[in-house]
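> what shape does this take:
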Amino acid sequence: MIPYGLILVMLALIISIVLSRVTQKIVLMKKCERLLKQISVQIESIHFSFEEMTYFISLPNRNPEIYDAEAIQYRTHVEYDGLIFPEIRGLMIELNIDGEDHQIAYMSLDLLRIPILERWQYEKRISSQEYHELRAAVLMHSNTSKLFVQEVIRQIQRDDRILFLDEDLVK
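Numbering: from 1, shown residues only. Predicted structure coming up:
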């Protein structure tokens with residue numbers, strides 16, 4: 001017979017693995033909310049750059065399944081490293097086509113540029129740990145996910161033909 005202590009330890013380990021990401025998100029968001037409140041800034045008003053986003057498809061893309069996809073078909077989820085003490089790696093944007101998810105773009109936390117946070121860190125208004133936590137909070141925020149999906153759609157549907165126009169086409 002298995003000792004009850006071993007069962008409890010295994011159960012606690014499973015629960016900590018399952019809840020660690022959820023707990024980390026809640027704690028991180030509350031901590032950053034408090035910090036931003038001291039600076040009198042809301043997380044929704046922090047601007048960031050899309051420049052370093054990695055795309056797994058060619059841009060612009062004329063594949064009808066991708067080009068005509070609606071915003072609701074896109075899914076975002078935060079990528080983590082580690083099980084018990086997870087670290088945020090980035091944000092994955094996927095497109096659901098016929099019940100199958102296809103990776104479209106990825107924004108790494110290390111490459112996410114937020115100019116105002118970089119300035120605050122330079123001015124010593126926030127520490128480097130607070131800078132990292134605020135970047136992670138911005139990346140995890142639901143509004144950020146929507147903005148990334150909008151940017152992906154905009155890049156997929158952009159029209160680059162204007163770059164190659166010559167005088168014959170303009171007339």
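> poorly predicted segments of this structure, please.
1-2, 18, 161-171 (pLDDT under 70).
> strands of that one, start to end?
Using DSSP state E, the strands of the chain run over 54-55, 74-81, 87-97, 100-108.
> right, and these - which one's nearest residue 13?
strand 74-81 (17.3 Å; CB to CB). For glycine as for every other residue, the C-beta is placed from the backbone atoms N, C-alpha and C.
> got a list of contacts for the closest one?
For strand 74-81, the surrounding residues in contact (CB atoms under 8 Å, 6 or more residues apart in numbering) are 21, 25, 86-96, 101, 104, 106, 139-140, 145, 148-149, 152-153.
> let's see that with 7 Å instead.
Strand 74-81 has contacts (CB atoms under 7 Å, 6 or more residues apart in numbering) with 21, 86-96, 101, 140, 145, 148-149, 152.
> longest helix of the chain?
helix 4-39 (DSSP state H).
> and it with strand 74-81, angle?
Inter-element angle recorded for helix 4-39 and strand 74-81: 110 degrees (by axes from the mean of the first three to the mean of the last three CA atoms, to 10 degrees).
> alright, I will stop here.
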